[in-house]
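In: no letters, just coordinates:
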């Protein structure tokens, strides 16, 4: 008879814990869908996305991607939040240079200078890809005179 009472208590504890877990699951907000790089590029109107290495600005350095549009460059962090927006017509100089064992991409603009550090085995390649991609967007066609 004592064993039956213990079994009833265990059954009650299991049911109570199941109800608590169900209530907890219902109270949690649903997981927000994560934006993909493609979706974020469409939102911004970016044509090309390249690796931005580590973006070094006034805040803490963080991994970045460069979203390049027709007339703008956006620097986004790994959460796809815009860190900086640079109109391409303000871009005065694009420099790729070694920085010790790393490579650095520096963008000089009218109002800011942005610096991106690439590390690892493919640092030079990634920095040069970003450089060439940016330069390809800077070459504008001459307007037609009427």
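Out: Ah, there it is. Since the model is a prediction, treat every value here as computed from it, not as a measurement.
In: tell me which strands the lengthiest strand in the chain pairs with, and in which orientation.
Out: Determined from DSSP state E, the single longest strand within the chain is strand 46-56. With DSSP bridges as the test, strand 46-56 is paired with strand 62-69 (antiparallel), strand 113-118 (antiparallel).
In: that strand: which residues count as buried?
Out: Within strand 46-56, the residues scored as buried using 16 or more other Cβ atoms under 10 Å are 46, 49-53, 55-56. C-beta: built from backbone N, CA, C; applies to glycine.
In: what's the closest of these to residue 85?
Out: Nearest to residue 85 among the buried residues of strand 46-56, counting by Cβ to Cβ, is residue 46 at 11.1 Å.
In: for that closest one, which residues are in contact?
Out: When contacts are counted by Cβ atoms under 8 Å, 6 or more residues apart in numbering, residue 46 touches 40, 67-69, 74.
In: got the domain ranges for this structure?
Out: Using automatic domain parsing, the domain parsing of the chain gives 1-30, 37-138.
In: could you list the low-pLDDT ranges of this protein?
Out: 1-7, 30-33, 58, 139-146 (pLDDT under 70).
In: so which residues of it form strands?
Out: Using DSSP E, strands in the chain cover 46-56, 62-69, 72-77, 82-87, 91-99, 102-109, 113-118.
In: dump the ones you listed to TSV, plus distance to residue 136.
Out: Output for these, formatted as TSV (distance: least, Cβ to Cβ, whole Å):
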stretch	distance to residue 136
strand 46-56	9
strand 62-69	9
strand 72-77	12
strand 82-87	16
strand 91-99	11
strand 102-109	15
strand 113-118	17
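In: minimum distance to residue 134: which of those strands has it?
Out: In terms of Cβ to Cβ, the element of the strands of the chain nearest to residue 134 is strand 91-99, at 5.4 Å.
In: buried residues, the closest one. List them.
Out: 91, 96.
In: identify the residues contacting that strand?
Out: 73, 103-110, 117, 124, 127-128, 130-131, 134-135, 138.
In: show me the longest helix that occurs in the protein.
Out: Of all the elements of type helix in the chain, the one with the most residues (DSSP state H) is helix 2-27.
In: check the offset of it from the chain's centre.
Out: The chain centre lies 44 Å from the centre of helix 2-27; the measure is Cα atoms, centre = their mean, to the nearest Å.
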